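A.B. asks: just the structure for this:
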Amino acid sequence: MIKKGEIQMRKLIPILGVLALMLLSVVSAYPTYLDIAIAETVNQNTTFAEDFDLVEQTKYCDIIGTINVTNPNETLTVSDILLNFTETGAMQTNFTYLSGRTGAQQGNSTPGEEWFLHIPELAAGESSVWTYNISCSTAPPPVNISTSYATTVSGVDKKVLAGKNFTITQFAQNDLTSGAISNVNITIEALAVVWNASDPNAYDIFNLTYLLAEGDAANVTQKNDTYWEWIVGGGTIPYAGEFNISYVVKAPASVPSSNTYLAIRERSQYSIPILASNLTLQKIDAIADIEFSLEKTIIRPATNVNDTNVTWQVDTNLSVPYNIGFNLTFVSLWVTHNLSPLATDTPFGALGRNYTPNSIINQSVGWATKGSSYEFNYTDGSNGQSPPPIVWVRPYFSLFGGNQILSSNVTQSGADFYMKYIYVVNGYWLEVDKNITSQGAGQYDINVTVRNIGNAWTPSGLTVTVYDFIPAEFSPFAWNPLANANQTVEGPGFNGTAFQWDLGVHGPYNASLGPPGSGNDTWSATYSVNGTGQYKASELYIVGLDPRQVEGAGSHEGITIIAGMSSSTKEFLYIFGVVALVVLNIVNFIMTRNIHQRLSK
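C.D. replies: Residues are numbered from 1 along each chain as shown. You can find the predicted model right below:
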């Protein structure tokens, strides 16, 4: 059985639903009176391998924020606009006025505290624009680019021979603390090397040769051999996501000299619907015109002609003359004995009453104190000794949200560049290979080979010199050819004999070694050693080379050390492991100089 109360409630439900829809339609029908757009633009320039090492350097990075507060309404003025911001920890500067109506930052300006921006008023169609700066160290850019190189020369990824290929592997990672990055587009542009600006033909260019079919390659559009577009992840990098591509670049066949050149310029474009700084617009207060009246009436007059004390009744009415809605939170009535609103110390004490409507008022719905009028005793104003009360009213109201106040956040790329450099060798490039083969019972066959893998002859009239070092625990024999000189070396870490070969010079350029295909690009020497006592085969891994004026590279950057240790059965001897061999190769460069100094005495 359905009870009577339940029947009444069921009847009320459709009515409440209609009222809710009516209220929703009223709210949604309001025009927009404030549009607050906050945008942060990332500008940065990052280089890779600019100083020969394969490292990134941030040349500059800044995030510039813009706050644009607009009144898009065609007729109404919005006043007393107060924006309350939290999450200000990344702020590097205060809010700075840029254009439009002026205002002021109020209160605290310490990063991490609440910040307030006040704009006195915006007439119809007016704006107020402010800027601020964010530190990239506290709010890193959303897209993190990283790069690695691989060249065709074993163990050398810092340099490429002119006219040869090298491979770039590139990653794009979402560095946000939450959320996805959308509209991600990275343009890849191969650049030219110009060595005479006045000669239009004095240049050569890096070429985007081909894209490897791996990673995110399906989202790369190859416009031509100098310009590609990478729509990373199809345009979106999810939170903590990462995509990569690998592609081959051909170095210019001709450059002015062996040097580091800017090869690839990339520009990142993206947007996210949040602020990189995490700056948060916590609250928006604003007002516009309302109408209100105050009615003051004596409701109980004096009981005799000599008595001037009466009872007053005060009512106020608030209405909205425009299609706008306010949240009315508080109304205060108070009495003073003179024209100062602070003079509340009347002969009858502090008089006043506060109301807390917490209701919406608009063009259709107002608010009044009728039914809860304020009544108080005071003199009737019949003479100078019995003045009437001065009654004040102050409503506290603010434009409420919905469609009336719009706000949007975006972080977008500005001039966000990533510049890739590489050292291009234009000339000879010497590579030394020392191979040690075990023949058993402490005997090793050793081959030292020097190759010119570059594109030019070594310097004319200068002799390339090769050095080798044999520890005292080994006895050499079967030399081919014999060394030109030797020197006993005794010192910390090295005890033995250093040997020197002068490669001599040959025609047609009176040089030691020519480029591949010249018929004179390789030199080698062989010998054998027997180990005695507590010998260490790993100490044979020392070889040196004086490259004789490697242009732009110095005495070690222009050579490559390759050390292979194997036995006649093709089984590798793992002595100290691969890491130890890498360390020994670094020592080789030091030994090149030390041996050269000793043999030159």
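
A.B. asks: show me the shaky parts of the stretch 51-200 of the chain.
C.D. replies: 154-156 (pLDDT under 70).

A.B. asks: all helices for it, in order.
C.D. replies: Applying DSSP state H, counting those that start in this stretch to the stretch 51-200 of the chain gives no helices.

A.B. asks: can you map out the strands along it?
C.D. replies: For the stretch 51-200 of the chain, the strands defined by DSSP state E, counting those that start in this stretch occupy 56-70, 78-86, 96-100, 104-106, 115-122, 127-134, 143-151, 159-161, 165-174, 182-190, 192-194.

A.B. asks: for the first one, name the packing helices and strands.
C.D. replies: With contacts defined as 3 or more Cβ pairs under 8 Å, 6 or more residues apart in numbering; DSSP states H and E, the secondary structure elements packing on strand 56-70 are strand 34-48, strand 78-86, strand 115-122, strand 127-134. Every C-beta, even on glycine, is put in place using the N, C-alpha and C of the backbone.

A.B. asks: residues of stretch 469-480 that come out buried?
C.D. replies: Of the residues in stretch 469-480, Phe469, Ile470, Pro471, Ala472, Glu473, Phe474, Pro476 count as buried by neighbour count, 16 or more other Cβ atoms under 10 Å.

A.B. asks: kindly reformat the strands of the stretch 51-200 of the chain as CSV containing distance to Leu462.
C.D. replies: Listed next are the strands of the stretch 51-200 of the chain as CSV, based on distance: least, Cβ to Cβ, whole Å:
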stretch, distance to Leu462
strand 56-70, 36
strand 78-86, 69
strand 96-100, 62
strand 104-106, 69
strand 115-122, 68
strand 127-134, 56
strand 143-151, 26
strand 159-161, 21
strand 165-174, 29
strand 182-190, 35
strand 192-194, 27
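
A.B. asks: which one's the longest strand in this structure?
C.D. replies: Ranked by residue count under DSSP state E, the longest strand found in the chain is strand 405-425.

A.B. asks: and the angle from that strand to strand 182-190?
C.D. replies: 20 degrees (axes from the mean of the first three to the mean of the last three Cα atoms, to 10 degrees).

A.B. asks: parallel or antiparallel, list what pairs with the next helix or strand after strand 405-425.
C.D. replies: As assigned by DSSP states H and E, the chain's next helix or strand after strand 405-425 is strand 430-440. Its sheet considered, strand 430-440 pairs with strand 443-452 (antiparallel), strand 559-567 (parallel) by DSSP bridges.

A.B. asks: bridged to Thr280, which residues?
C.D. replies: The partner residues for Thr280, given DSSP bridges, come to Thr86.

A.B. asks: in stretch 198-214, what's buried?
C.D. replies: Tyr203, Asp204, Ile205, Phe206, Asn207, Leu208, Leu211.

A.B. asks: scratch that, stretch 243-253
C.D. replies: For stretch 243-253, by 16+ other Cβ under 10 Å, it's Phe243, Asn244, Ile245, Ser246, Tyr247, Val249, Lys250, Ala251, Pro252.

A.B. asks: what's the answer for stretch 368-388, then?
C.D. replies: Ala368, Thr369, Ser373, Tyr374, Phe376, Tyr378, Thr379, Asp380, Ser386, Pro387.

A.B. asks: can you check stretch 153-173 too?
C.D. replies: 153, 156-162, 164-173.

A.B. asks: same check, this time on stretch 502-520
C.D. replies: For stretch 502-520, the neighbour count (16+ other Cβ under 10 Å) marks Leu503, Val505, His506, Tyr509, Ala511, Ser512, Leu513, Gly514, Pro515, Ser518, Asn520 as buried.

A.B. asks: Trp230 is in contact with His223, correct?
C.D. replies: Careful, residue 223 is Lys; it's not His. No. Using Cβ atoms under 8 Å, Lys223 is not in contact with Trp230, being 11.2 Å away.

A.B. asks: just to revisit the earlier point, Trp429 is nearest to which of the helices and strands packed on strand 56-70?
C.D. replies: Ranking the helices and strands packed on strand 56-70 by distance to Trp429, with Cβ to Cβ as the measure, places strand 34-48 first at 22.1 Å.

A.B. asks: any idea of the pLDDT on Thr592?
C.D. replies: Per-residue confidence at Thr592 stands at 36 (pLDDT).

A.B. asks: nope, Lys11 is what I was after
C.D. replies: In this model, Lys11 carries a pLDDT of 44.

A.B. asks: what residues are up against Asp80?
C.D. replies: Asp80 makes contact with His118, Pro120, Glu121, Asp285, Ala286, Ile287 under the criterion Cβ atoms under 8 Å, 6 or more residues apart in numbering.

A.B. asks: over to Gly531?
C.D. replies: Residues in contact with Gly531 (Cβ under 8 Å, 6+ apart) are Gly442, Gln443, Tyr444, Glu473, Phe474, Ala537.

A.B. asks: quick one: buried residues of the longest strand of the chain?
C.D. replies: 405, 409, 411-413, 416-425.

A.B. asks: and the angle from it to strand 143-151?
C.D. replies: Using the same axes, to 10 degrees: strand 405-425 against strand 143-151 is 10 degrees.

A.B. asks: who does strand 405-425 touch, helix- and strand-wise?
C.D. replies: Using 3+ Cβ pairs under 8 Å, 6+ apart: strand 405-425 touches strand 34-48, strand 143-151, strand 159-161, strand 259-272, strand 280-287.

A.B. asks: can you give the distance of that strand from its chain's centre?
C.D. replies: Centroid separation between strand 405-425 and its chain, computed with Cα atoms, centre = their mean, to the nearest Å, is 8 Å.

A.B. asks: okay, it in CSV with CA atoms only?
C.D. replies: Only the C-alpha atoms of strand 405-425 are listed here, as CSV (Å, rounded to 0.1, in the frame of the first residue of the first chain):
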residue,chain,number,x,y,z
ILE,A,405,32.8,33.4,-16.5
LEU,A,406,34.9,31.4,-18.8
SER,A,407,38.5,30.4,-18.2
SER,A,408,41.0,28.3,-20.2
ASN,A,409,44.6,27.2,-19.8
VAL,A,410,47.1,26.1,-22.4
THR,A,411,50.8,25.5,-22.6
GLN,A,412,52.1,25.7,-26.2
SER,A,413,55.4,25.7,-28.0
GLY,A,414,57.0,29.0,-29.1
ALA,A,415,60.4,29.1,-30.6
ASP,A,416,61.4,25.6,-29.4
PHE,A,417,64.5,24.5,-31.3
TYR,A,418,66.8,21.5,-31.0
MET,A,419,70.1,21.9,-33.0
LYS,A,420,72.2,18.9,-33.9
TYR,A,421,75.9,19.4,-34.6
ILE,A,422,78.5,16.9,-35.8
TYR,A,423,82.2,17.0,-36.5
VAL,A,424,82.9,16.5,-40.3
VAL,A,425,86.3,15.3,-41.3
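
A.B. asks: now that strand against strand 34-48, angle please.
C.D. replies: Using the same axes, to 10 degrees, strand 405-425 lies at 10 degrees relative to strand 34-48.

A.B. asks: what lines up beside strand 405-425 in the sheet?
C.D. replies: Strand 405-425 is paired, per DSSP bridges, with strand 34-48 (parallel), strand 159-161 (parallel), strand 259-272 (antiparallel).
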